[in-house]
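Asker: Sharing a model that was predicted from the sequence below.
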Amino acid sequence: MSWFIEVLKKYAVFSGRARRKEYWMFTLFYLIFEIVLMAVGYAIDFPALVGIFVVALLLPTLAVTVRRLHDTDRSGWWILIGIVPLVGFIVMLVFLCSDTQPGANKFGPSPKEVPAHA
């Protein structure tokens, strides 16, 4: 849960790098909350509840994805490849699953080498 909160603290931070663990733990909790809110929304006859959640977390989701791309030494603009049907999803999945580029890159020092709460 702390990974989810850390991403929310960096609500609109598009600079720097994010480790795989930070990205995937955020994604896991995001999906869990989305499923729960979807069930609650339909139970109380307010299906727009999940839509409100998605819109509220759009910026932090984009920010952590861009930071994850930076960690693999790619520009945040690569996020737009997701627009390409099927192939874009596969390419983004490969990028997001790729290991951290060792050492510093043009986006900052490696998060694996920097203490988590520095």
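Answerer: Right, received. Where do you want to start? All values derive from a computational prediction rather than experimental measurement.
Asker: So which elements touch the lowest-mean-pLDDT helix or strand in the chain?
Answerer: None of the helices or strands of the chain scores lower by mean pLDDT, DSSP states H and E than helix 2-9, at a mean of 86. Packing partners of helix 2-9 (3 or more CB pairs under 8 Å, 6 or more residues apart in numbering; DSSP states H and E): helix 20-43, helix 58-71. C-beta coordinates here come from the backbone N, C-alpha and C atoms, glycine included.
Asker: which of those is buried the deepest?
Answerer: Among these, ranked by average contacts under mean count of other CB atoms under 10 Å, first place goes to helix 58-71 (a mean of 21).
Asker: rewinding a little: which of the residues in the least confident helix or strand of the chain are buried?
Answerer: Under the neighbour-count criterion of 16 or more other CB atoms under 10 Å, helix 2-9 has 3, 4, 6, 7 buried.
Asker: Keeping just the C-alphas, turn it into CSV.
Answerer: The C-alpha coordinates for helix 2-9 follow below in CSV (Å, rounded to 0.1, in the frame of the first residue of the first chain):
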residue,chain,number,x,y,z
SER,A,2,2.9,2.4,0.7
TRP,A,3,3.9,2.2,-3.0
PHE,A,4,0.4,3.4,-4.0
ILE,A,5,0.7,6.3,-1.5
GLU,A,6,4.2,7.2,-2.7
VAL,A,7,2.9,7.6,-6.2
LEU,A,8,0.0,9.8,-5.0
LYS,A,9,2.5,12.0,-3.2
